[in-house]
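Participant: Have a look; sequence and predicted model below, questions after that.
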Amino acid sequence: MNKISVIVPAYNIEKYLPRCLDSIIAQTYENLEIILVDDGSTDNTPKICDEYASKDSRITVIHQENKGLSGARNSALKIVMGDYIGYVDGDDYIDPSMYELMLKAMEENDADLSVCGYEQVGEDARKVEFSGETYILSKEEALDAYIQDNRSFHIYNSVWSKLFKKELIDGVTFPVGRNSEDIMYTGRALSHCSKCVFVDKPLYFYILDRAGSIMNTKNASRETLSKFANRRFNDEIPFWKEQILLFKKEGLIEQSILAEYHFYKRMLFYYIDFRNRGMKEEAKRLSKNILSEKNNIALVYENDFVKRGDRARMKLFLKSPSLYYRTVSIYEKTIIPLRNK
């Protein structure tokens, strides 16, 4: 019977950790190795970790100085004994049947990667419909769905909605000292997989905008907004670019060009997002970065798969970022409300 190693990083989440651990312990697939990493917590998280380990022999606890999310996961990866590896963030929780369903789908279809649907939990949670079906995807199909953020097969970059065959990610670690570290990890896994299964059920429950999270920028202080911007400029954008280079290196040329197209679409979204948050300097910095790649953008947007509307939007942005923002603002305030009536 195959063993699943579940890696749970935990840092100052005493309020959320018991619910998370209870959901893992209650899994209908019982052959688990649960590696709990207390990453230098200063609240009751270390005590909670030890208490759960004393009650369940499947739990191993690592106490370490704070190394961040990547460092915590890497510490666990050094000692994993399972045939499959899954990740659960310590402030989230999972459905009792999650790992049983994901592993069954992998074994029945000889896949080396399984992805499940997830549900947001919180005030601003997005509602998603799930088919309940399991879909079999080739490497190319999985990559296309991932790159395009296809809502039919929502393969998100985060590792927590996935189950990896150990051989698929052997030797792959997370970059320490960086955020958005999952982008490259998932990109590598998808570029190396032979087959992927997508279980279209909400098996993972993601806690949205936890207090203290850097992603919770609603009514945020200038300091928090600065961290938010640094994360985008120093981590997210470089990782998306690195992923494009990875696809090229792996000989996935069509996917790399598609990834460039969606990268530039994402940059336009970031620009609007910065402006809407009143982060004008950050928006200006980003617009300069985009404009400096005008020649490459022209080459990418020549491809037949580029939508006509996207061509128009990019053309307007390259002509005048400010005019682009005003146009989008008018569209969102007038056209979209009319369509929703």
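Facilitator: All right, it came through fine.
Participant: list the buried ones in the longest helix anywhere in the chain?
Facilitator: Looking across the chain with DSSP state H, the single longest helix is helix 253-276. Across helix 253-276, burial judged by 16 or more other CB atoms under 10 Å covers 255-265, 267-268, 270-275. In this view, the C-beta of every residue, glycine as well, is placed from N, C-alpha and C.
Participant: cool, stretch 105-116 as well?
Facilitator: So, applying 16+ other CB under 10 Å, buried residues of stretch 105-116: 105, 106, 111, 112, 113, 114, 115, 116.
Participant: Quick check: next helix or strand after the helix or strand the last one falls within?
Facilitator: Counting by DSSP states H and E, the element that carries residue 116 is strand 113-121. For strand 113-121, the following helix or strand on the C-terminal side (DSSP H and E) is strand 134-138.
Participant: And the contacts of the next helix or strand after that following strand?
Facilitator: Following strand 134-138 in sequence order, the next helix or strand is helix 139-148 (DSSP H and E). Contacts of helix 139-148 from elsewhere in the structure, counted by CB atoms under 8 Å, 6 or more residues apart in numbering, are 113, 115, 137, 150, 152-155, 157, 186-187, 190-191, 193-196, 198, 247, 252, 255, 258-259, 262.
Participant: now helix 139-148 against helix 253-276, angle please.
Facilitator: Helix 139-148 and helix 253-276 meet at an angle of 20 degrees, taking axes from the mean of the first three to the mean of the last three CA atoms, to 10 degrees as the criterion.
Participant: got the angle for helix 139-148 vs strand 134-138?
Facilitator: 100 degrees.
Participant: Any idea how far the next helix or strand after helix 139-148 is from the middle of the chain?
Facilitator: Moving toward the C-terminus from helix 139-148, the next helix or strand (DSSP H and E) is strand 162-165. Between the centre of strand 162-165 and the centre of its chain there are 14 Å (CA atoms, centre = their mean, to the nearest Å).
Participant: and whichever helix or strand comes after strand 162-165, how far from the chain's centre?
Facilitator: Using DSSP H and E, the next helix or strand after strand 162-165 towards the C-terminus is helix 182-192. Computed by CA atoms, centre = their mean, the chain-centroid distance of helix 182-192 equals 11 Å.
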